[in-house]
Structure formats: structure tokens, C-alpha cells
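Novice: sequence plus the predicted model coming up.
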2 protein chains.
Amino acid sequence: MVMRLDEVQRQFVDHARVARLATVDGHGEPHVMPVCYGFDGARFYIPIDEKPKQSDRPLKRVRNILETGRAALVIDRYEEDWDRLAWLLVRGAARMIGPGDPLHAGAVELLRGRYPQYRVMRLEVADMIVVTVERVTGWGALDGP
Amino acid sequence: MVMRLDEVQRQFVDHARVARLATVDGHGEPHVMPVCYGFDGARFYIPIDEKPKQSDRPLKRVRNILETGRAALVIDRYEEDWDRLAWLLVRGAARMIGPGDPLHAGAVELLRGRYPQYRVMRLEVADMIVVTVERVTGWGALDGP
């Protein structure tokens, strides 16, 4: 089941620049990374860097998704005034897509719209994580400035 | 096995204000939340709010830790200049401690040292998550300003 975000949640997601992606491997070991994302109203798209940092092995987050197919994303605001804290937690199914996937071109466009940095990077050939939103939980001053 | 952070990693941890904590439940479903923390060189301490937000049930992160005993924490810096990105990923064993635990008073002191906000909160009676560092992975400009 695909879950929709409300207007306040959607603006919070659109405004934020970074999310943290939690995945888990087949042995139940959790993992978490900061990620850039695009969001189309139902799915988050997270591009994979062209070159893994240390080896030819796929990144741990990718291997986890191939193993278990689940993800959680948190988008939050931290301020020293704790009345202004807010977070949005998204949970759902995760899978990998490549350039041949029907969703890929739209994801590239979304990402380049959000991040000028991607306009000079070869996103067209990048694999992407797709997280389909199943559950959304929010807390705090999501509608704050 | 407890793993130590090097000096650059330690400064990055001490300087940052928020981490994101990933846990997993007994069904392999990942979860992730922004958290404040104290760090004593070997363990991260994450206090639990006095009052769960919505019900008397323990928070999901607490239930996950009681079920699986594992956690991952990421501390990162996001900047629009992507040459300045950095993250530190910590993985380890997680457990709950209460006010009676020998580590509790030191954790309260650490947290109040880092966060003036906690000085007026009843941390003395708060349960805490303890994450014992087993693996550390870092990437990017950890030594940047």
C-alpha cells in the first residue's frame, strides 16, 4: 500500500536537503547513511555514486536492500531551541533501479531540480535506490520556518 | 570488542550536536531517529524522554533494542559544497540502562555538559540507550571546519 504525505509533511520533505537512510542486512544488522534524495509524492529516489569508495563491491546500503528489501528514512530539523525540533519518519519497501527503468529518467530530473551539484554528474548512468512510502510518522514543529 | 575512535573522529563526534540512530526489530524492519548523545570514548548514551509521545508503550527504538540489541549511529555534516561532506558511522551493541546502573550518573553529566537544555530536565530518572562501539567507518572531510 502506498501512503501519501500531507501538505505540511510534503513541504518539510521538499525543503530539507538531506535524509538519513537506515537499512538492515540479512543477519539483522542495522546500517545508516546520510543521503540526498528526490521525492515524487510516493517514492524517494537516492542515487548511488558512480564509484564505491573503497572497493568494487557494492555499497553496504545496496547489498542490504538487495538482501532484505526494506528501508527507513528520517528527515529532521535540529535547532538549539528544542521547541523547533521536528522529524518525519518514512518506512517502506526498497529496491534498486538502473538506467533502463521507466522511473529512472524522472528521478534524474527530480534530483537535478533539487541539487545543482548533480547537473554536472553522470546521474543518467547511476543506479538508484527507490523507497516506496508505506508508513509516515511525524513529530514536532514540521510547519516551522 | 570495544573499538576506539582516532583523534579526528573524536573531535567530529564531540563537535556535532545530533546523530541518527538506526535500530531494527525482530522482524528485520529498520527504524531511524535523530538523537542527542553523550560519548565517553567507548559508548554513546542516548536519553529517553520522560514521556512517550503517543502512548504508554515504550518507544519503537527502545522496543527494537530490547528485541535485537543492535544499533548503528551516523554523525554527519551536510554542506552545499560537497567537498565538505563527511560522515562517521558507528555500529555496535545496544542496551538499555536505568538510573541504578553504574554508568548512569556519568552519562547524565556528559549529556548536561554537551546540552544546556538537559540541565533543567529530569535526566536522573531517565532510561538511556547505551551503544558500545564495535566498528567505526569514516568518510570525507572529517577534519574540516
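Specialist: Received the coordinates, thanks.

Novice: show me the contact partners of stretch A:132-145.
Specialist: By Cβ atoms under 8 Å, 6 or more residues apart in numbering or on different chains, the residues outside stretch A:132-145 that reach it are A:1-5, A:8-9, A:11-12, A:42-44, A:77, A:83-94, B:53. All C-beta spots, glycine's among them, are computed from the backbone N, C-alpha and C.

Novice: the helix or strand encompassing A:Arg135 pairs with which strands, and in what direction?
Specialist: Assignment of secondary structure by DSSP states H and E places A:Arg135 within strand A:128-140. Next to strand A:128-140 in the sheet, as set by DSSP bridges, lie strand A:43-47 (antiparallel), strand A:86-97 (antiparallel).

Novice: what mean pLDDT would you report for the last one?
Specialist: Strand A:86-97 shows a mean pLDDT of 97.

Novice: that one: what's the following helix or strand?
Specialist: Moving toward the C-terminus from strand A:86-97, the next helix or strand (DSSP H and E) is helix A:104-114.

Novice: show me the contact partners of that next one.
Specialist: With Cβ under 8 Å, 6+ apart as the criterion, helix A:104-114 contacts A:17, A:36-40, A:45, A:47, A:97-98, A:118-119, A:123-124, A:128, A:130.

Novice: now with 7 Å?
Specialist: By Cβ atoms under 7 Å, 6 or more residues apart in numbering or on different chains, the residues outside helix A:104-114 that reach it are A:Gly38, A:Asp40, A:Tyr45, A:Pro47, A:Ile97, A:Gly98, A:Tyr118, A:Arg119, A:Leu123, A:Glu124, A:Met128.

Novice: which of those residues lies closest to B:Asn64?
Specialist: A:Tyr45 (26.5 Å; Cβ to Cβ).

Novice: my read: the closest one touches A:Cys36, true?
Specialist: No. A:Tyr45 is not in contact with A:Cys36 according to Cβ atoms under 7 Å; the separation is 9.5 Å.

Novice: neighbour count winner among these two?
Specialist: Counting neighbours by other Cβ atoms under 10 Å in any protein chain shown for A:Tyr45 and for A:Cys36 shows that A:Tyr45 has the greater number, 23 against 18.
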